[in-house]
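> pasting a predicted model and its sequence here:
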Amino acid sequence: MKEASRDRLRRHLRVIDSDVEPVVQRYRAHIECAKGCSDCCQQTFRVSHLEGAYLREGLAGLPNDVRADIMQRASEYVPDERQPCPVLSEEGGCRMYAHRPRICRKYGIPLWNPQRPDRVDTCPKNFGGVHDIDAALIVDPQARWAEAWIDVRNVEETARTTDTIAAHLLQALTDDA
């Protein structure tokens with residue numbers, strides 16, 4: 001991965017992380033997410049090739065036994081079936097937390113999608129009974145993320161196409177060859 005590409009992605013991820021934190025701070029009592037709760041990680045995520053390269057960098061830094069386990073799980077992964085992300089541990093924790101993609105950084109908070117601007121989605125375990133969600137805290141930052149990602153995609157060709165997390169991890173086999 002080119003250093004400029006990595007830096008651009010990391011800057012984008014830091015913006016997401018810094019905008020998620022105030023939401024978690026304000027609504028902590030209404031968020032059930034914790035290490036081991038991995039319900040949101042039981043679906044197929046398609047992430048950009050730029051994020052896939054970043055995942056592979058994280059994979060390369062893991063101990064051999066952990067890397068082998070993740071690769072085994074990735075090789076058995078069937079897209080669009082409800083099964084755990086190959087990166088999850090048996091305990092339900094992300095073993096590549098620092099290298100997780102954009103979508104994984106957003107879970108836990110209400111999610112706004114520019115393709116469905118009239119609604120905000122939440123995990124069924126979170127935000128039960130909350131009727132005063134602060135749109136400025138939730139929607140405005142996510143609109144900025146969408147705009148910022150468009151800017152990244154305009155510069156980074158590898159941010160324009162996607163594949164599953166498992167497929168990106170398995171590409172490490174050809175990267176090593």
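Yes, it's here.
> ok, now how distant is the residue nearest to the spatial centre of the chain from D132?
For the chain, C104 is the residue whose C-alpha lies nearest the centre (CA atoms, centre = their mean; 2.3 Å). For C104, the distance to D132 (CB to CB, to the nearest Å) stands at 27 Å. Any C-beta I mention is one placed from the backbone N, CA and C, and that applies to glycine too.
> ok, now E21?
Computed as CB to CB, the E21 to D132 distance reads 19 Å.
> these two - which one has more neighbours?
With neighbours defined as other CB atoms under 10 Å, E21 and D132 compare such that E21 has more, 11 against 5.
> what about the more buried one, distance to D7?
21 Å.
> how about residues contacting stretch 28-36?
Applying CB atoms under 8 Å, 6 or more residues apart in numbering, the contact partners of stretch 28-36 are 24, 40, 91-93, 107-109, 123, 125-130.
> residues touching R119, list them.
By CB under 8 Å, 6+ apart, the residues touching R119 are 112-113.
> please, which helix or strand holds it?
strand 116-121 (DSSP states H and E).
> confidence score at P110?
P110 is assigned 88 on the pLDDT scale.
> would you confirm that it contacts D134?
No: assessed by CB atoms under 8 Å, P110 is found out of contact with D134, at 9.8 Å.
> pull the longest helix from this protein.
helix 3-27 (DSSP state H).
> packing partners of whichever helix or strand comes after that helix?
Once the chain leaves helix 3-27, the next helix or strand it forms, by DSSP H and E, is strand 46-48. Counting contacts by 3 or more CB pairs under 8 Å, 6 or more residues apart in numbering; DSSP states H and E, strand 46-48 packs against strand 162-164.
> other residues contacting the strand it packs on?
If you take CB under 8 Å, 6+ apart as the criterion, strand 162-164 is touched by 44-49, 52, 77, 79.
> check stretch 68-86 too.
With CB under 8 Å, 6+ apart as the criterion, stretch 68-86 contacts 38, 41-45, 59, 62, 87, 92, 94-96, 164-167, 169-170, 172-173.
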